[in-house]
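Novice: got a sequence here, can you build the structure:
(chains A and B, ligands or ions: 3)
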Amino acid sequence: MTFGVYIHIPFCLQKCAYCDFHSVAMKPEDVPQREYAEAICAELAKLSAQYELRGREVSTIYFGGGTPTLLEPRNLGTILDALRSTFAVAPDAEISIEANPETLEPRNLGTLSHLFTRLSIGIQSFNDKHLQALGRIHSSATAINAVKSAQSAGFKNIGIDIMWGLNGQTIEELKDDLKQAISLNAQHISAYQLTQEPCAQEPPEELARGMFLLVHDTLTAAGFEHYEISNFARPGFRCRHNEIYWHSGEWLGLGSGATGSLRTGTRNLVRRNCSKDIKRYLEHDFTYETEAIGRKSEMAEYCFMALRTSDGIDLKDFKQKFRIEFDEAYPDLQEKWNRAGYTNSQTHKPTISLNLKGWLISDDLFQEFV
Amino acid sequence: MNSDLIRNFCIIAHVDHGKSTLADRLLEATGAITMRERKDQFLDNMELERERGITIKSQTVRLSYKAKDGKTYELNLIDTPGHVDFRYEVSRSLAACEGALLVVDATQGIQAQTVANAFEAIDHKLVLIPVINKIDLPGADIDSTVKQIEETFGIDASHSIPASAKTGEGIKEILEMVVNYLPPPKGRKDAPLRALLIDSWFDSYQGVVSLLRIMDGKIKKGDQVLMMNAGKTYEALKLGIYNPFNVEVNELEAGDVGYLVAGIREVRDTKIGDTVTLQANPAVAALPGFKEIKPIVFAGIYPTDSAQYDELRDALLKLKLNDWSFTYEPESSMALGFGFRCGFLGSLHLEVIMERLEREYNLELISTAPTVGYQVMTTDGAIKTVSNPADFPESQNIEVIEEPYAMVNVISPAEYLGGIFQLCQEKRGEQQHLEYLSQERIRVTYLLPFQELISDFHDRLKACSKGFASLDYELHGYREGELVKLNILINGDPVDALSVIVHRDKAYNQGRDIVQKLRGEIPRQQYEVAIQAAIGNKPIARETVKPLRKNVTAKCYGGDVTRKRKLLEKQKEGKKRMKMVGTVEIPQEAFLSVLKVK
Ligand SMILES: Nc1nc2c(ncn2[C@@H]2O[C@H](COP(=O)(O)OP(=O)(O)OP(=O)(O)O)[C@@H](O)[C@H]2O)c(=O)[nH]1
Ligand code: SF4
Ligand SMILES: [Mg+2]
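Specialist: Ligands and ions are numbered 1, 2, ... in the order given. Got it, this is the predicted structure:
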């Protein structure tokens, strides 16, 4: 099974109004560049020893935040070097970094394109009025330039994030955003409904539903595959790191506030959240909240996470993993959903996946698993 | 003790006029409780009584009082509840006394329960001492209150005592008046024993404890006693009094109020109102008994979690050990599962029992709309009493329905008369009597269907009189009525727990009301939900709950999994409390919203 590494960089230039990620606002010159990178390396050394991870094959690495590009390429490189000397990082590994448009300049993009195979840019909207309301510091022009510069710097795999359901946003405005997103020739588009408090005044249900469907129709028509509820990719450009999450794989989390999910010796799944106390993290004082995931919960997570993707649940894999047939674990469920028209018809493999109708009310459906 | 030195009296009044607080002052003034032991409404010892600030059960206590004449008297005081539902508690207390303190709140004057209780005391030939209470309050009007008492009851009230149970003013005067004005008990000590069983309750150490008022003769520890109506004999294992702490004595004699422990296992073996005599030397005739108390209001009580059914049954059994006034029998409902049909003395009684079950036994319960018991004659000539709408025969099979009526007395400032008339009319009442108690106060009597009374009558009365009108009622026979069963259907399935019996003229409005309330409470589901009200098969109102259109979490990555799972678990937990009707999930709140419908 593929194994990934997630690295959390909890610094941003400014805090966005809707943000509930773990990050603190900081001037670039105040970011503890070297110290944070060193702390990550120390944590890596500690955890890889503790869990006997040395030499394990790593297929994806993901730098998220916060704004990971606030760390200079030099320090990002230090971390990557440490990862390479600890793990067997696969030659074709996907190595992603999240970035905000204002931090991407031709100056650092060249180096970044050598360090990373994939760049994920938080554009959110091409409408300056909405960007401002969200508390973002970039403008749509900056965003467009950032994408173009990244492309000319050699990035072949670029993802962009956009948001919909913004306060007062109209269908027309969303159409416009989608048009611009497509025209940038990115390989991957994440399109989320804004739901984070306190910014979100949820649009009326019918409008939100219409927007979800508009996003689907527009992007699939443009050649994107709708492969997860909020994610679209050109063929061959899915985010492999995120697929680890959706298909209940294992990953190591590093950095203050990072989450990891690993099997311990007894095969129990353990989820660990590193403390959000950055100061202590910088002092190499690593404290975690751990959660042992019981079998029933693991099964539930496996199902609802997988059903977020177009691949859905692989029934053979389910059986192998939990040593029980899906139909035995959740009697009559398939039948019920089929009848109600929430599922796709079977492909060549025995799977269950939700269609748009199912996805639209998936939070209601997922309650069947818990 | 010389019975000339005994005084038995109770405290009666309208709700909240200060009976229990006055009892506190009397306890303190006679040294029955020390300052250290004192707490407000000392005799209200049920947790629920304390929290709600109401008296539910009568409480008896013996005080020892050294009067100005130098003699020490034994005072048996009974604090009674003021609420109309617990009137039977007052009745049996009155039978054990020679006198009563009639407490009237000087800021409110005579209210409906004042009248009901005072007249009952007069019927029992009790000597009344009016206590004009709360004179510390700015709005107190002593003179007009005294005048109201004289005019309403036709008694001389010149001996009324102005008092404040809050400040203690007038307490000394009350004690002196009790001693000097109330007669001592008249019983003959040398006659055969006749003791009135006033109350009994279950004590897990001693079994049933019975409270007795000794009318004639005496009872000693070790005597063989006979319950004259029940026809059973027991040995008097223990005798005692409450002062207000429990003190054992060797004998009780004519005039005394005290308790008896006789190895009785169940409260049901001790009939309130029974006469206790000695087996060796029985009385010729029993004391005139009480009428049996019968429940008037019925409701189904169900556990929200069906796993709590057994616990509910045990709890009812235990509660019943101490409260004979409610009844229960198992019933089941499609919507609510297994539960019990319970009978109560009134709506407050229902509320009190529900609350005690939930609180003392840690249960989560739901109750169906309270209803009265109807007499139904079917087309085949059979007659039965139906207290559950679900058991109601369909309209086409009903020949005649009779419903219970109440004689309702309302006392109110005259200016609200218009609103009260309108309310009573809307509630199908017929005016019987109207009287001016003074220039500003009226007393109006209506004959009203009991069902109308137990819905929101009381709240509406308070609302249309700015809280000034008060209410008293009594069951008053049965009359034929144009009643129909209103069925509620969810996606075509009738929900028995939601059906109600209503007057034909009100069916349409009520049906519309119910379906609208349900629409507001039933969450949207994966399918459209149709809610209908129907008489027989004929729909009269319909609402629909539109299907759920969108419910999806935007982002879910590695760090979100646990939170997402927990959220789903919480939502699922909420759904567990819902009841399935066909494929529709109905939350408890939906049931409750209808049960509270007017
Ligand atoms: N100011 C003032 N308040 C009083 C007086 N007597 C009683 N109260 C208050 O009136 C309220 C009702 O008093 P209770 O003694 O519980 O009345 P009750 O008649 O026993 O009530 P029920 O048993 O429910 O019928 C309480 O808040 C008392 O504190 C008084 O003389 N003056
Ligand atoms: S850039 Fe991203 S992580 Fe930083 S504050 Fe904005 S939303 Fe939060
Ligand atoms: Mg009281």
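
Novice: check which helix or strand covers the residue of chain B found nearest ligand 1.
Specialist: Here the residue of chain B nearest ligand 1 is B:Gly82; by Cβ to the nearest ligand atom that distance is 2.5 Å. In short, each C-beta sits where N, CA and C put it, glycine included. Here B:Gly82 sits in a region with no helix or strand, counting by DSSP states H and E.

Novice: that one reaches B:Lys19, doesn't it?
Specialist: Yes: when contacts are counted by Cβ atoms under 8 Å, B:Gly82 is listed as touching B:Lys19 (6.4 Å).

Novice: quote the end-to-end distance of stretch B:30-46.
Specialist: 23 Å (Cα to Cα, to the nearest Å).

Novice: can you tell me if that stretch touches ligand 1.
Specialist: Yes: Stretch B:30-46 comes into contact with ligand 1 (Cβ under 6 Å from any ligand atom), by way of B:Gln41.

Novice: what distance separates that stretch from the centre of its chain?
Specialist: 24 Å (Cα atoms, centre = their mean, to the nearest Å).

Novice: the residue of the stretch 401-550 of chain B found nearest ligand 3 pairs with what?
Specialist: At 15.9 Å from ligand 3, B:Ser470 is the closest residue in the stretch 401-550 of chain B, using Cβ to the ion. Beta-bridge partners recorded for B:Ser470 (DSSP bridges): B:Ile411.

Novice: which residues are common contacts for B:Gly82 and B:Lys19?
Specialist: B:Ile12, B:Ala13, B:Thr55 (Cβ atoms under 8 Å, 6 or more residues apart in numbering or on different chains).

Novice: count of residues packed around the nearest residue to B:Leu345 once chain neighbours are set aside?
Specialist: In this structure, B:Leu345 finds its nearest non-sequential neighbour in B:Asp85, 4.8 Å apart by Cβ to Cβ, 6 or more residues apart in numbering or on different chains. B:Asp85: 20 surrounding residues under other Cβ atoms under 10 Å in any protein chain shown.

Novice: SS state for B:Asp85?
Specialist: Using DSSP: H, G, I helix; E, B strand; the rest coil, the structure places B:Asp85 in helix.

Novice: okay, it and A:Asp161: tell me how far apart.
Specialist: Separation of B:Asp85 from A:Asp161 (Cβ to Cβ, to the nearest Å): 64 Å.

Novice: quick check: closest non-adjacent residue to residue 298.
Specialist: Just so you know, I chose chain A. Nearest to A:Glu298 is A:Leu269, by Cβ to Cβ, 6+ apart, at 5.3 Å.

Novice: that answer is for a different chain, and I need it for chain B
Specialist: B:Ser387 (3.8 Å).

Novice: sketch out the low-pLDDT regions of the stretch 201-350 of chain B for me.
Specialist: Across the stretch 201-350 of chain B, residues meeting the criterion (pLDDT under 70) sit at B:244, B:289-292, B:334-335.

Novice: list the buried residues in the lengthiest strand in chain A.
Specialist: For chain A, the strand with the greatest residue count under DSSP state E is strand A:88-99. With burial defined by 16 or more other Cβ atoms under 10 Å in any protein chain shown, the residues of strand A:88-99 counted as buried are A:Val89, A:Ala93, A:Glu94, A:Ile95, A:Ser96, A:Ile97, A:Glu98, A:Ala99.

Novice: in JSON lines, list these along with pLDDT.
Specialist: Formatted as JSON lines, the buried residues of strand A:88-99 follow (pLDDT from 0 to 100):
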{"residue": "A:Val89", "pLDDT": "96"}
{"residue": "A:Ala93", "pLDDT": "96"}
{"residue": "A:Glu94", "pLDDT": "98"}
{"residue": "A:Ile95", "pLDDT": "98"}
{"residue": "A:Ser96", "pLDDT": "98"}
{"residue": "A:Ile97", "pLDDT": "97"}
{"residue": "A:Glu98", "pLDDT": "97"}
{"residue": "A:Ala99", "pLDDT": "95"}
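
Novice: between those, which is nearest B:Phe298?
Specialist: A:Glu98 (65.3 Å; Cβ to Cβ).

Novice: so who does that closest one touch?
Specialist: Per Cβ under 8 Å, 6+ apart, neighbours of A:Glu98: A:Phe63, A:Gly64, A:Gly65, A:Thr67, A:Pro68, A:Thr69, A:Ser120, A:Ile121, A:Gly122.

Novice: now name the helix or strand holding the second one.
Specialist: This points to A:Gly64. Going by DSSP H and E, A:Gly64 is in strand A:57-65.

Novice: residues making contact with that strand?
Specialist: Contacts to strand A:57-65, defined as Cβ under 8 Å, 6+ apart, come from residues A:2-12, A:21, A:23, A:76, A:79-80, A:83, A:87-90, A:92-98, A:116, A:240-242, A:244, A:251.

Novice: and if we set it to 7 Å?
Specialist: A:2-10, A:12, A:21, A:23, A:76, A:83, A:87-90, A:93-98, A:240-241, A:244 (Cβ atoms under 7 Å, 6 or more residues apart in numbering or on different chains).

Novice: just stretch B:284-300 next, same as before
Specialist: Residues from elsewhere that reach stretch B:284-300 (Cβ under 7 Å, 6+ apart): B:88, B:91-92, B:194, B:196, B:215, B:228-229, B:272-273, B:275, B:325-327, B:331, B:333, B:336, B:339-347, B:350, B:367-368, B:370-373, B:387-388, B:450, B:454, B:475, B:497.

Novice: which of those residues are buried?
Specialist: Of these, these count as buried by 16+ other Cβ under 10 Å: B:88, B:91-92, B:194, B:196, B:215, B:228, B:272-273, B:275, B:325-327, B:331, B:333, B:336, B:339-347, B:350, B:367-368, B:370-373, B:387-388, B:450, B:454, B:497.
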